[in-house]
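Turn this into a structure:
(one chain, ligands or ions: 1)
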Amino acid sequence: MRLRALAKINLGLDILGKRDDGYHEVRMIMQTIQMYDVLEIQRSKTPGISLVTNLPFIPSDERNLVYKAAKLLMDEFHVEEGISMKLDKSIPVAAGMAGGSSDAAAAFVGVNRLFNLGLSEQELMKRAVKVGADVPYCIMRGTALAEGIGEKLTWIPQVPKCYVLVGKPGVTVSTKMAYENLHLDEIKERPDIDGMIRDITKGDLHAMVSKMGNVFEPGIIGRYPVIQEIKDLMEENGALKAMMSGSGPTVFGIFDDSDKMEKAAAILRESRLAKTVFATETYNRGGGFANDK
Ligand code: ATP
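Sure, this is the predicted structure:
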């Protein structure tokens with residue numbers, strides 16, 4: 001079985017406060033894009049889970065989210081057979097694009113299918129939050145409002161068709177560092193999440209982009225000005241809006257025209273500001289994982 005694990009961007013990211021348990025209360029508009037890792041999964045005669053990946057610097061044992069997801073389901077359903085998995089990553093790691101979470105989502109869907117466990121999407125999503133707050137969304141895909149710690153999801157109409165240019169600079173930002181650089185009482189600009197939902201519902205892309213925002217941006221850009229440089233380059237070259245995704249450092253630009261995006265991609269590559277440059281588009285929920293075989 002070969003499954004695609006799609007990346008996400010945050011069209012809007014707001015943090016409302018810190019809960020007593022240490023987690024932050026978020027309000028985000030999530031959007032799946034057509035950039036993906038590939039997870040191959042098959043039964044094996046040897047019991048247990050084996051995993052290989054194309055990246056030597058990420059773990060391939062129980063610390064990998066794919067492994068955690070598969071183990072969680074296999075333990076619950078007392079699966080005695082083994083599985084072997086191969087993960088081919090293209091989504092930048094620790095980049096604010098939910099790469100690991102989406103890989104875990106693919107593992108949930110894959111194990112459910114491979115062993116005919118019969119779990120519905122909702123039932124998978126309920127278990128998925130144990131592996132990570134973004135994993136239920138990565139199972140659901142499409143455009144969604146995420147609240148709570150990111151696990152309370154409300155479907156919203158699909159964002160109007162647009163093109164997305166991804167640029168990841170060669171710096172690494174952990175989610176922990178992003179929170180350390182965020183001072184809740186000093187947030188000056190917040191995205192207008194409710195306004196964005198209204199614009200999306202009306203199909204008004206131009207109005208929506210004017211309300212986008214990510215409260216992590218000032219703290220992270222203060223440390224890594226290259227993020228601002230990539231944003232400026234995209235906006236000077238036709239992006240309706242360019243913004244950092246999640247806790248960064250990846251920047252994405254929203255375009256209403258694919259030729260304009262391709263030109264901006266070429267200029268961004270030339271500039272060498274970004275280590276990864278990828279031109280793509282949004283992904284419509286249609287069918288979820290159903291098209292992957
Ligand atoms: P998010 O947008 O959810 O914050 P992220 O892009 O910051 O995600 P990931 O790429 O998902 O972060 O992974 C971050 C860390 O998790 C890495 O340091 C890596 O070692 C570990 N990890 C575990 N499993 C995976 C996986 N399948 N793919 C990538 N990283 C993984």
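
where does the residue of the stretch 1-150 of the chain at minimum distance from the ligand sit relative to Pro92, distance-wise?
Here the residue of the stretch 1-150 of the chain nearest the ligand is Gly100; by C-beta to the nearest ligand atom that distance is 2.6 Å. The C-beta positions use only the backbone N, C-alpha and C, and glycine is treated the same way. Note on Gly100: its distance to Pro92, by C-beta to C-beta, to the nearest Å, is 11 Å.

hmm, back to that, now do the residue of the stretch 1-150 of the chain closest to the ligand against Asn64, distance only.
For Gly100, the distance to Asn64 equals 8 Å [C-beta to C-beta].

neighbour-wise, which of these two wins?
Gly100 (25 against 21; other C-beta atoms under 10 Å).

residues contacting that one?
Gly100 makes contacts with Asn64, Leu65, Val66, Val93, Gly132, as judged by C-beta atoms under 8 Å, 6 or more residues apart in numbering.

wait, is Ala5 part of a strand?
Yes: read with DSSP: H, G, I helix; E, B strand; the rest coil, Ala5 is one of the residues of a strand.

Just the buried residues of the contacts of Gly100.
Asn64, Leu65, Val66, Gly132 (16 or more other C-beta atoms under 10 Å).

wait, which of those residues is closest to Lys168?
Using C-beta to C-beta, Leu65 comes nearest to Lys168 of these, at 19.3 Å.

Please go through the chain and pick out the longest strand.
strand 24-44 (DSSP state E).

And the ligand, is that one touching that?
No: using C-beta under 6 Å from any ligand atom, strand 24-44 stays clear of the ligand, with a minimum separation of 7.3 Å.

and that strand, what does it pack onto?
Packed against strand 24-44 by the contact rule (3 or more C-beta pairs under 8 Å, 6 or more residues apart in numbering; DSSP states H and E) you find strand 2-18, strand 82-88, helix 99-114, strand 143-147, strand 163-168, helix 193-202, strand 276-281.

at 7 Å instead, please
The elements that strand 24-44 packs onto, with contact taken as 3 or more C-beta pairs under 7 Å, 6 or more residues apart in numbering; DSSP states H and E, are strand 2-18, strand 82-88, helix 99-114, strand 143-147, helix 193-202, strand 276-281.

tell me the angle whichever helix or strand comes after the third one makes with helix 99-114.
Of the helices and strands lying after helix 99-114 in sequence (DSSP states H and E), the nearest is helix 121-128. Computed by axes from the mean of the first three to the mean of the last three C-alpha atoms, to 10 degrees, the angle separating helix 121-128 from helix 99-114 equals 130 degrees.

Show me how far helix 121-128 is from its chain's centre.
Distance of helix 121-128 from the chain centroid (C-alpha atoms, centre = their mean, to the nearest Å) equals 18 Å.

Stretch 32-40 too?
Remark: stretch 32-40 is offset 10 Å from the chain centroid, using C-alpha atoms, centre = their mean.

Stretch 276-288 now?
Distance of stretch 276-288 from its chain centroid, counting by C-alpha atoms, centre = their mean, is 11 Å.

Run a quick neighbour tally on the residue nearest to Thr46 when sequence neighbours are not counted.
Of all residues not flanking Thr46 in the chain, Gly82 sits nearest, at 4.7 Å (C-beta to C-beta, 6 or more residues apart in numbering). By the criterion of other C-beta under 10 Å, Gly82 has 15 neighbours.

Doesn't Asp259 lie inside a strand?
No: looking at Asp259 with three-state DSSP, it is helix, so not inside a strand.

Which of the helices or strands spans the nearest residue in space to Cys162 that is not next to it in sequence?
Excluding the flanking residues, the one nearest Cys162 by C-beta to C-beta, 6+ apart is Ile254, at 5.3 Å. Secondary structure from DSSP H and E places Ile254 in strand 251-255.
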